[in-house]
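> Make a model of this:
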Amino acid sequence: MHYQYHDGLLEQASLDASDRSALLTFLLYAVFDRTRARVSLRFEGIYNFAAVQAYFAKVLSDADPEADDCLDRCDALHWDTKRPASARSRYVFLRLAHYGSLRIHCEAVVEAAV
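Prediction:
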């Protein structure tokens, strides 16, 4: 990963069941990224899509667009070192402050500043 996501804010999350993908947008924490960049992560070809969908269903159902400027704070987001990666198999570990952890198993991860 090119960025440090710890203590960044998850601003948006969207999932697409037709291609088993997820798009997350984070506002990075100023201590680790002085510019407070916004970064999007696209997870393509998610193998455990049902688990990812259930996790984010809870996050999104709790969201209050009138009161909240973010969905949650990111405690951790990094490659899962306990699982071997290959050309079409990546594991990412995500832990949000109020929702616990999730391992995302996908074909590819695309990371880009927005």
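
> What residues sit buried inside the helix or strand hosting residue 44?
In this structure, residue 44 sits in strand 38-46 according to DSSP states H and E. Judged by neighbour count (16 or more other C-beta atoms under 10 Å), strand 38-46 contains these buried residues: 38-39, 41-44, 46. Any C-beta I mention is one placed from the backbone N, CA and C, and that applies to glycine too.

> Closest to residue 111 out of the residues you listed?
Minimum distance to residue 111 across the buried residues of strand 38-46 is 5.4 Å, recorded for residue 41 (C-beta to C-beta).

> picking up where we left off before, direction included, what does the strand holding residue 44 pair up with?
Here strand 38-46 has these sheet partners by DSSP bridges: strand 21-27 (antiparallel), strand 100-113 (antiparallel).

> who does the most centrally placed residue in the chain bridge with?
In the chain, the centroid-proximal residue (C-alpha atoms, centre = their mean) is residue 24; its distance is 4.9 Å. Counting by DSSP bridges, residue 24 is bridged to residue 13, residue 41.
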